[in-house]
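Trainee: Provide a 3D model corresponding to the input given below.
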Amino acid sequence: MTGRHHLFAMWEGGGNVPPMLAVARRMIARDHTVTVLGDPTIQVEAERFGCRFMPWRRAPHRTTLRPEDDLMRDWEAKNPFAMLKRYRDRFITDPAPLYATDTLDAIDAVSPDVLVPEYTVFGAQIAAQKRGLPVAAVVPNIWPLPAAGAPPFGPGFLPARSILGRTRDALFRRLVTSIFDDALPALNETRRQHGLPPLAAFFDQVLQCDALFLLTSATFDFASPFVPEHARYVGPVLDDPQWAEEPWTPPWPEQNRDPLVLVGFSSTFQNQGPVLRNVVRALAGLRVRALVTLGAMLPDGEVQSTGSVVVVRSAPHREVLAQAALAITHCGHGTTMKALAAGVPMVCIPMGGDQDDTAARVVHAVAGVRLKPGSSPAAIARAASEVLAEDRFRANAQRLSKAIAEELRSVDVAVELEGLTRRTRSFGKVADPSHRFG
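Mentor: Numbers count the residues shown, from 1 in each chain. Okay, the predicted model is just below:
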């Protein structure tokens with residue numbers, strides 16, 4: 001088919017960037033043009049992939065990856081509901097008019113055929129709707145919106161097994177929905193300024209997109225039976241980020257055949273230093289080889305190698321996981337998917353964002369265990385020993401590995417994107433009006 005122009009609208013959130021750019025790279029490989037509208041911190045990697053780049057100008061954006069420049073500072077939030085309010089106000093609602101204006105400028109400058117925004121960039125969606133462009137929103141993780149039948153997003157609940165549990169879920173879903181619907185008047189005002197009709201519910205803004213592509217596994221995500229019809233699971237993106245050093249050479253003597261443990265926490269700052277030090281202490285007392293990857297945010301010397309526990313700045317996780325027996329992780333979606341795609345079970349220590357909900361899915365699949373960030377070295381050592389010793393964890397991780405491979409064979413996000421055409425229907429209605437948040 002004739003190459004088309006896709007405008008990707010995204011923000012610097014750490015783990016969301018590599019999968020979004022990987023989708024862009026797939027479109028370029030199929031002879032399409034991609035312009036990325038995003039934070040200046042994304043520019044170098046986007047251009048390396050062959051994308052054109054335009055920075056946010058009025059909308060909030062990061063020019064450095066220093067912790068003090070983080071727009072969300074989610075490590076400061078005391079509970080998941082405080083985090084949701086912070087996310088709603090600082091990122092979605094308050095700057096929506098600015099994202100809309102910047103996106104309109106980009107649309108008028110490059111004349112794209114399709115807008116491909118991250119699902120939370122509501123202002124970009126509003127701009128595309130004003131210009132009549134089809135919108136394919138990308139969800140680079142598990143299903144995040146309230147959906148009747150699924151646990152609410154945020155607290156990290158497992159699926160309900162009783163009337164009490166289902167009542168709990170319904171109450172929390174209503175609470176989450178009300179938190180966001182409190183900002184509906186502000187969102188509708190932005191829509192009014194751009195000639196769009198008001199919405200009945202906050203999340204209708206993303207639900208009315210032409211398509212929603214979830215970059216995760218439907219088998220892994222226990223919310224998958226409850227998503228709307230136009231939400232399509234297209235499988236995880238397993239590419240390592242460009243900054244991961246390759247090739248990787250194991251730092252232990254060749255004769256050391258102890259189980260290999262990969263420790264990988266967030267590539268962004270989440271105040272993870274104390275947790276990593278406890279993990280190092282825990283593994284130093286076990287008969288394992290452990291590779292701890294710090295990422296770019298922690299200062300040199302904050303976490304140090306000990307014995308067979310080797311601390312490095314970065315390493316290609318996919319290559320290490322091919323040899324690993326266990327992963328200990330914050331349960332960011334990208335790290336989790338790479339581990340499960342390799343059939344590697346996990347000790348999950350979620351620290352914020354969607355991590356507790358991702359960890360709940362690991363636990364539900366019996367592919368690992370979950371600990372709190374304040375767990376002691378002794379508790380971490382017990383959990384690691386349990387997962388290494390019990391075959392059920394590896395068997396279930398391998399089951400998910402096979403399911404992920406099959407899903408990736410059966411659907412291609414690039415092909416799905418190619419199927420979108422300029423739409424003519426009016427905006428303001430949810431694609432499936434029955435999909436509500438009861």
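Trainee: can you verify my assumption that Ala106 contacts Arg52?
Mentor: No - between Ala106 and Arg52 there is no contact under CB atoms under 8 Å: 10.1 Å. Any C-beta I mention is one placed from the backbone N, CA and C, and that applies to glycine too.
Trainee: ok, these two, which is more surrounded?
Mentor: Legend: neighbour count by other CB atoms under 10 Å for Ala106 and Arg52, higher for Ala106 (23 against 15).
Trainee: the more buried one belongs to a helix?
Mentor: Yes - counting by DSSP: H, G, I helix; E, B strand; the rest coil, Ala106 falls inside a helix.
Trainee: picking that back up, overlap in contacts, Ala106 and Arg52.
Mentor: Taking CB atoms under 8 Å, 6 or more residues apart in numbering as the contact rule, Ala106 and Arg52 both touch Thr35.
Trainee: shouldn't Ala218 be in contact with Ile404?
Mentor: No - applying CB under 8 Å as the test, Ala218 and Ile404 come out as separate, 9.7 Å apart.
Trainee: if you count surrounding residues, which of the two has more?
Mentor: Set side by side, Ala218 and Ile404 show more neighbours around Ile404, with 23 against 20, by other CB under 10 Å.
Trainee: so the more buried one: helix, strand or coil?
Mentor: Strictly by three-state DSSP, Ile404 counts as helix.
Trainee: tell me the contacts of it?
Mentor: Ser217, Thr219, Phe220, Gly235, Pro236, Met337, Leu340, Ala341.
Trainee: measure it to Val415 for me?
Mentor: Distance, Ile404 to Val415, by CB to CB, to the nearest Å: 18 Å.
Trainee: tell me where the stretch 301-438 of the chain has strands.
Mentor: Along the stretch 301-438 of the chain, the stretches classed as strands by DSSP state E, counting those that start in this stretch are 309-312, 326-329, 346-348, 368-370.
Trainee: now for those strands, which one comes closest to His61?
Mentor: Closest of those to His61 is strand 326-329, at 28.1 Å (criterion: CB to CB).
Trainee: mind listing what the closest one pairs with, with the direction of each?
Mentor: Strand 326-329 has its sheet partners listed here by DSSP bridges as strand 260-264 (parallel), strand 346-348 (parallel).
Trainee: domains of this protein?
Mentor: Domain ranges of the chain: 5-235+411-418, 260-409, per automatic domain parsing.
Trainee: in three-state terms, label Ala170 for me.
Mentor: In three-state terms, and counting by three-state DSSP, Ala170 is helix.
Trainee: and it, how far from Arg289?
Mentor: Ala170 is 46 Å from Arg289, by CB to CB.
Trainee: show me which of these two is the more surrounded one.
Mentor: Taking other CB under 10 Å, Ala170 and Arg289 do not tie; Arg289 has more neighbours (24 against 17).
Trainee: for the closest residue to Val23 other than its chain neighbours, what are its contacts?
Mentor: Leaving aside its sequence neighbours, Val23 sits nearest to Val413 (CB to CB, 6 or more residues apart in numbering; 5.6 Å). Taking CB under 8 Å, 6+ apart as the contact definition, Val413 lies against Val23, Arg26, Phe213, Leu215, Val234, Gly235, Val237.
Trainee: on that earlier part again, where among the strands of the stretch 301-438 of the chain is average confidence lowest?
Mentor: Confidence, taken as mean pLDDT, is least for strand 309-312 of those (a mean of 88).
Trainee: for that strand, packing partners?
Mentor: Contact here means 3 or more CB pairs under 8 Å, 6 or more residues apart in numbering; DSSP states H and E; on that basis strand 309-312 packs against helix 273-284, strand 289-293.
Trainee: again, 10 Å this time
Mentor: strand 260-264, helix 273-284, strand 289-293 (3 or more CB pairs under 10 Å, 6 or more residues apart in numbering; DSSP states H and E).
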